[in-house]
Each structure stands twice: as C-alpha cells, then as structure tokens.
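**Student:** Task: produce atomic coordinates for the following.
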Amino acid sequence: MPKTFTDPDDIAEQIIREVGSNLVVGLPLGLGKANHIINALYARAAADRAISLTIFTALTLEKPKPKNLLEQRFIAPVIDRLFGGYPDLAYADALHADALPSNIKVFEFFFLAGKWLHVPLAQQHYISANYTHASSYLLARGLNVVMQLVAKRIVDGETRYSLSCNTDTSLDLLRARAEGRASFKVFGQVNSELPFMPGAGDLPAGEFDAVLDSPETDFPLFAPPSEPINDIKYAIGLHTAGLVRDGGSLQIGIGQIGDALAQGLILRHRGSSQYREIMTRLAPGAEQLAALETGSFEKGLYGVSEMLTEAFIGLLEAGIIKREVDGVTLHGAFFLGPKAFYRALREMTPDQAARIQMVPVSFTNELYGDEAGKRRARVDARFVNNAMMATLMGSAVSDGLENGQVVSGVGGQYNFVAQAFALAGARAILTLEATRQGKLKTHSNVRWSYGHLTIPRHLRDVVVTEYGIADLRGKSDADVIAAMLAVADSRFQPELVRQARDAGKLPKNFEIPSAHRENFPERIKTALKPAREAGLLPTFPFGSDFTDAEQRLIPALQILRQAQRSPLQLPGLLWQGLTRHPDAADRECLARLGLDRPASMTERGYRALVSAALARSRAG
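**Tutor:** Presented below is the predicted three-dimensional model:
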C-alpha cells in the first residue's frame, strides 16, 4: 500500500527523499494536475537552489483575469462561484511574472489558447509535439516522477484509484514502466469531485508510491463554463453535421464549434425535416444541399475522441452515440468541462459508466496496437477539429503564428488527419471561421499564403466555414483554390482571386460562381433567424453555469468589445444609452454590474454603454 499523507509539504519531502534532488516531473494535461503537491515541490525547489526541478506538462489551467472595469465586475462573481477554492499553480504565476527561479524549468507541449503569447520563457520552452509523442519525449528526458489528481474508491475493503480525467499519457507511461522501459515514482492527490471512471485507468493502490489525501487539500475542480454559440459557429456546426454518416465514428475537438456540431446532430436526429429546412436556407447551392446527410441516426455513432466533452454527453443522452465496440460506445483520453458535466459523469449508473472507457491517447489518436480491431471499429470516421486560418491551397494553421509565437499546440490534430487518410471512408474535417475581428478592421482567415502551418497541403481534406463545405481531397491546386474561395467571405474574395491569378494558379478568366458571391455575415444571420426564434439553436444547448442576467450580459459585453475596436461606434452607443429607459430585465443586468446606481461620471458612462448594448443585443 502507498504511504498516505495529509500535508503537501510532507509528501514533497518524501518525493525528494525517494527520488533525489534532480526531479523530472510529468504533470497531466489540463484537469488532472496534483496542484498541492506540485506547489509544495515548487516551494521546496525555490527555497533550495540545490534542487533541480523540471516540469513537463500541457494545458496549464488558470482562472480568468479581467482586463477592465466591466470585465472585473462581470467576471469576479463568476470566478468566485465557479473557480473559488481552485488552487493557483505557483509555476504559472512565476512564468507570468518572469520570476521563475533558475533551477526550475517548465516545458509545455500545449498551451491554453492565447494565454502564453508574448511570455518569452513559456514560448522558449514550448515543445512542438503530436499528442501521441509526448510520453516518449518525457521518457527520453529522464522522467522520474509522475503526479496526478485521482479519484478514490474502496471496493470489498480494497482501495483503488482512478486516473479519471487523464488516462491520456499516464497509461502509456505506466505501460512503459511495466515493460521495463522506464523507472519512475507515481504520486497521487485524491479529489472528491473527480468522477471515478472504470476501465484501464482504474488502478490498485499498489501502483502508487504515495498519496495525498486530506479534506484540507480537497478542492473544486476547474470548471470552465460553456460559452455561448453565435450564428457563425452554429452555421459551421450545422454544415459539419451534414457530413456525419449514420453508423460511423466521431471525434470532436475543443470549443464551441464542437457544441454547435453536437446540437446540429441532435436536431438532425430528432427532426430531420427541421434540419433540412434550416440547411435549405443556409447551404450556398443546390449541389451542396443535395450532398448532405440529413437522416436520423438509426444505427448510431461510436465515439473515439482524445477529449471527452459535455457535447458527447448530450449525444449519448440523445441516443446518437450508441454504436457499440466491444460493449463500449465512447472511448476518450482526457476530459474537461463545466460543473454539470462532472456531475453527470459522477451520477452515471455502473452500466452507463461502463459504456464510456477512458484509455491512453495512443489508443484514440493512432491505429497502431490492435490495428485490425481499430479499423473494424472506426468505420466512416469523421475527425472534426478547429483551425485558426487556412490557405487557398488547403494547408491549415491551427497552433501558432508566422513569427513563431505559439497560440495553443498541435495536440492531436495531425494524428487525426493522418488517421483520416489511413482509414477507409474516413474524413478529416477542419472547421474555420471565415473572418476574425482585429483591432481596427476585419481580417480574412482564408489566406493566399501564411508563414506557418500545422497541416500541410498534401494532407488537405475537408474545410468547413460558415459559408459552406470545401471538399479538397485529391483535387488539383486550381480546383482546391476554387473550393476555398467558395467558402471565403465575399469581402475578401476579389483580392484572393487576384493573388491566385498572379501566381498562375487560376485561369485568367476564372470567376466565382454566383451562389458563392453572397458570403456575408448578414446572410448567415438571416438564414438562421427562424431556427433561432423557434428555439432550435439555443445559445447554450447543453445548459449554462451563467445566471439568466449573465447570459443576457454576455452578448452585450461582446458588442462593447467590438465597439472599442471601432471607436467611432462608441459615441452612438453612449447617446443611445443616455436617452433610453432600461426595462426591468435590463435593470437587473445593470445591477449585476453594480451600475444600477452610478456613483461617478465613469460609472454613468458605463451604465449608458451597457444599456445601449443590451438593447442592440436583443435587436440582433
């Protein structure tokens, strides 16, 4: 049995005694970090420069940090409600402050999106890696400590621990140790909120060298709330839902587009006629409409995804994820989500939980290891992941910028694209918002070229924007360019056509078909408006941890953020707010921000701006 500790400092001392002063620590991606243990170990190393501490991890989770008065007043109560008690990671605070001691190094292979831009030390120590390669990189660097958050259960008098949210690299590392290819110590921290997940991550206590288990070190799980789904993301999700075949397999990446896709699949399953009606208005032409899958899921789907999200729970409950592979309907390698998601996992019956198996990332993201079985299981697979930008010739930019700054990471995206080309009937679908809003103007996310890429053009497959589907696999450069132009925003099509012609990649007489020359946000909004008004496309399809007032405030604050990028809009908003009388619902929102009784000219100005933004958000 492992030794049990109740004090983080004591288990940190035990780690140093057992392993020595040269510590190479593996922390799981995302949720599964043993925060109290790593913070205690960090404190010991910071106090004693004779200790060398190297941390390998990914997706360091941090509480939101407001940037202005309105964000402070909106976010602070949300942070208290959703993240109160979550212990900050000391190494992350030190990195932000450029105060990491010289004997401590932190390497990450996947960043929380955008959080480490322009933080030199984090950028310098980023490791670009496919998710499936991360464990081998750790072993090559002399990994000697693995520490992880675990769930605890006593069965017939025997204590067992579940790796729960992070079987991803941990199981691959444990297998290497069992096969004699590695030697490291394993330390766990028990968390009472963590769901105990059955399967390969359900381990006997003997797998651990020591465990931290105390009410004083228990803490609420990091629970990012579901974000609202706007028209653009819904359009992308609805187009993608028409590419998924009944009886097939499904992987979904991180973000709101995954939620939009899941709601599109549920809508298609429960009311295929309603889905077809929406797509008749949304699809850019009869040819694309005719190619969509629109029927319900009689055979159902099998889920195989590195990340298990709340969207998958919605698909399970809707009876869409139901095709079984060896008694399992959903394989996942890690999970992260809102409080309701964790609660749903905790409250599942044993039979329900057994249909979800947490497995190593080498299982979900690769075909090696029982390749024949995986090929039989992953029929008509659809691997759906997000990109930031794409080029006209089909390469995708998903993790970084052309100046070398890393936004997030490669993660499993390349793994899934490679799988799509290795499996019969499979497709890799990269979803992309056609534009993004800059400080002063709108930019196209469809580019002629870009100085960095994540997926090369020889692996181009399917790109989906709010304006439609670009099927690129096996096509010539000219045909690929034409397909990408058809899903680009029409404000940028003329310049993109010129660039392609100048490079000799399009005929001089090329013209974009008329069906694709109306790619404007207004068309998307008009196409989806009836479904929005009918409640078929809710802003939060799987519920929300935000209050009703907060849900009304979110789009209003987004309007204000956009107005700040175009300062000429602010006077109009200010005047509108000063001359209108808020109704009861708006007054509740203003009270939520402490602006119901403004005490200064600054607060009066903010009150007027918020009041006007609330009115505009309601008007659509």
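
**Student:** okay, CA-based contacts and neighbour counts for the rest of this
**Tutor:** Will do.

**Student:** What pLDDT does the model give the nearest residue to Phe109 once chain neighbours are set aside?
**Tutor:** Leaving aside its sequence neighbours, Phe109 sits nearest to Ile127 (C-alpha to C-alpha, 6 or more residues apart in numbering; 4.7 Å). For Ile127, the pLDDT comes out at 97.

**Student:** got it, and Phe83?
**Tutor:** We have a pLDDT of 89 for Phe83.

**Student:** how much space between it and Gly337?
**Tutor:** Distance of Phe83 to Gly337, given as C-alpha to C-alpha, to the nearest Å: 12 Å.

**Student:** per-residue confidence averaged over the longest strand along the chain?
**Tutor:** Longest strand in the chain, counting residues (DSSP state E): strand 145-155. Across strand 145-155, the average pLDDT comes to 96.

**Student:** was I right about Ile127 contacting Phe107?
**Tutor:** Yes - between Ile127 and Phe107 there is a contact under C-alpha atoms under 8 Å: 6.7 Å.

**Student:** Quick one: end-to-end length of stretch 25-33, please.
**Tutor:** End-to-end distance (C-alpha to C-alpha), stretch 25-33: 11 Å.

**Student:** List of residues touching it?
**Tutor:** Residues outside stretch 25-33 that contact it (C-alpha atoms under 8 Å, 6 or more residues apart in numbering): 34, 53-61, 138, 143-150, 165-166, 169-170, 221-222, 335-336.

**Student:** now with 7 Å?
**Tutor:** When contacts are defined by C-alpha atoms under 7 Å, 6 or more residues apart in numbering, stretch 25-33 is touched by residues 54-61, 143-149, 165-166, 222, 336.

**Student:** same check, this time on stretch 478-498
**Tutor:** 392-394, 434, 444, 446, 448, 465, 467-470, 472, 505-506, 512, 516-520.

**Student:** again with stretch 314-321
**Tutor:** Applying C-alpha under 7 Å, 6+ apart, the contact partners of stretch 314-321 are 262, 266, 297, 300-303, 322, 329, 542.

**Student:** Report the lowest-confidence entry in the residues you listed.
**Tutor:** Among the contacts of stretch 314-321, Phe542 has the lowest pLDDT, at 94.

**Student:** Need the three-state assignment for that residue.
**Tutor:** Look at Phe542: counting by DSSP: H, G, I helix; E, B strand; the rest coil, its state is coil.

**Student:** Name the helix or strand for Leu553, please.
**Tutor:** Using DSSP states H and E, Leu553 sits in helix 548-565.

**Student:** helices and strands around that helix, which ones?
**Tutor:** In this structure, helix 548-565 makes packing contacts with helix 584-592, helix 601-619, judged by 3 or more C-alpha pairs under 7 Å, 6 or more residues apart in numbering; DSSP states H and E.

**Student:** what's the following helix or strand after it?
**Tutor:** helix 569-579.

**Student:** quick one on the thing from earlier: helices or strands next to the longest strand of the chain in the packing?
**Tutor:** Using 3+ C-alpha pairs under 7 Å, 6+ apart: strand 145-155 touches strand 22-26, strand 158-162, strand 185-190.

**Student:** Reformat those as TSV; add mean pLDDT, distance to Arg270 and mean neighbour count.
**Tutor:** Listed next are the helices and strands packed on strand 145-155 as TSV, based on pLDDT from 0 to 100; distance: least, C-alpha to C-alpha, whole Å; neighbours: other C-alpha atoms under 10 Å:
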stretch	mean pLDDT	distance to Arg270	mean neighbour count
strand 22-26	98	44	22
strand 158-162	97	36	19
strand 185-190	98	41	24
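
**Student:** The residue nearest to Phe109 and Gly409, how far apart?
**Tutor:** Counting by C-alpha to C-alpha - Ile127 and Gly409 are separated by 9 Å.

**Student:** can you list residues touching both of the two?
**Tutor:** Phe109.

**Student:** Show me which of the two is the more surrounded one.
**Tutor:** Gly409 (25 against 20; other C-alpha atoms under 10 Å).

**Student:** just so I have it, where are all the strands in the stretch 251-400 of the chain?
**Tutor:** 302-308, 330-335, 356-358, 381-386, 389-391, 396-397 (DSSP state E, counting those that start in this stretch).

**Student:** how about Asp259, what does it touch?
**Tutor:** Neighbours of Asp259 in contact, by C-alpha under 7 Å, 6+ apart: Ala311.

**Student:** nope, Leu292 is what I meant
**Tutor:** 242-243.

**Student:** is it true that Phe341 touches Glu310?
**Tutor:** Yes - under the criterion of C-alpha atoms under 7 Å, Phe341 makes contact with Glu310 at 5.5 Å.

**Student:** neighbour-wise, which of these two wins?
**Tutor:** Neighbour count, other C-alpha under 10 Å: between Phe341 and Glu310, Glu310 has more, with 25 against 22.

**Student:** Mind pulling up the pLDDT for that one?
**Tutor:** Note for Glu310: predicted pLDDT of 94.

**Student:** Start at 649, not 1
**Tutor:** Sure thing, new numbering starts at 649, so read that last one as Glu958.

**Student:** Distance of it relative to Ile968?
**Tutor:** Distance from Glu958 to Ile968, counting by C-alpha to C-alpha: 14 Å.

**Student:** and if you look at Glu1251?
**Tutor:** Glu1251 is 49 Å from Ile968, by C-alpha to C-alpha.

**Student:** Quick check on the two: which one has the bigger neighbour count.
**Tutor:** Ile968 (26 against 17).

**Student:** Any figure for the gap between that one and Lys763?
**Tutor:** 35 Å.

**Student:** Not counting residues beside it along the chain, what's closest to Gln720?
**Tutor:** Pro714 (4.9 Å).

**Student:** For Arg1030, give the beta-bridge partners.
**Tutor:** Leu898, Arg1075 (DSSP bridges).

**Student:** How is this protein partitioned into domains?
**Tutor:** Segmentation of the chain into domains, based on automatic domain parsing, reads 651-865, 879-1171, 1196-1267.

**Student:** so where do the helices sit in the stretch 999-1148 of the chain?
**Tutor:** Ranges of helices in the stretch 999-1148 of the chain, per DSSP state H, counting those that start in this stretch, are 1009-1013, 1019-1025, 1061-1070, 1125-1134, 1141-1150.

**Student:** So the spatially closest residue to Ala1066 that is not a sequence neighbour versus Ser897, what's the distance?
**Tutor:** Spatial nearest neighbour of Ala1066, chain neighbours left out: Leu1107 (7.8 Å); criterion: C-alpha to C-alpha, 6+ apart. Distance, Leu1107 to Ser897, using C-alpha to C-alpha: 20 Å.

**Student:** now the strands for the stretch 649-798 of the chain?
**Tutor:** Assigned by DSSP E, counting those that start in this stretch, the stretch 649-798 of the chain shows strands spanning 651-653, 670-674, 700-705, 752-756, 793-803.

**Student:** of all those, which lies closest to Ala724?
**Tutor:** strand 793-803 (26.4 Å; C-alpha to C-alpha).

**Student:** Could you list the buried residues of the closest one?
**Tutor:** 793-800 (16 or more other C-alpha atoms under 10 Å).

**Student:** Any idea how far that strand is from the middle of the chain?
**Tutor:** 25 Å (C-alpha atoms, centre = their mean, to the nearest Å).
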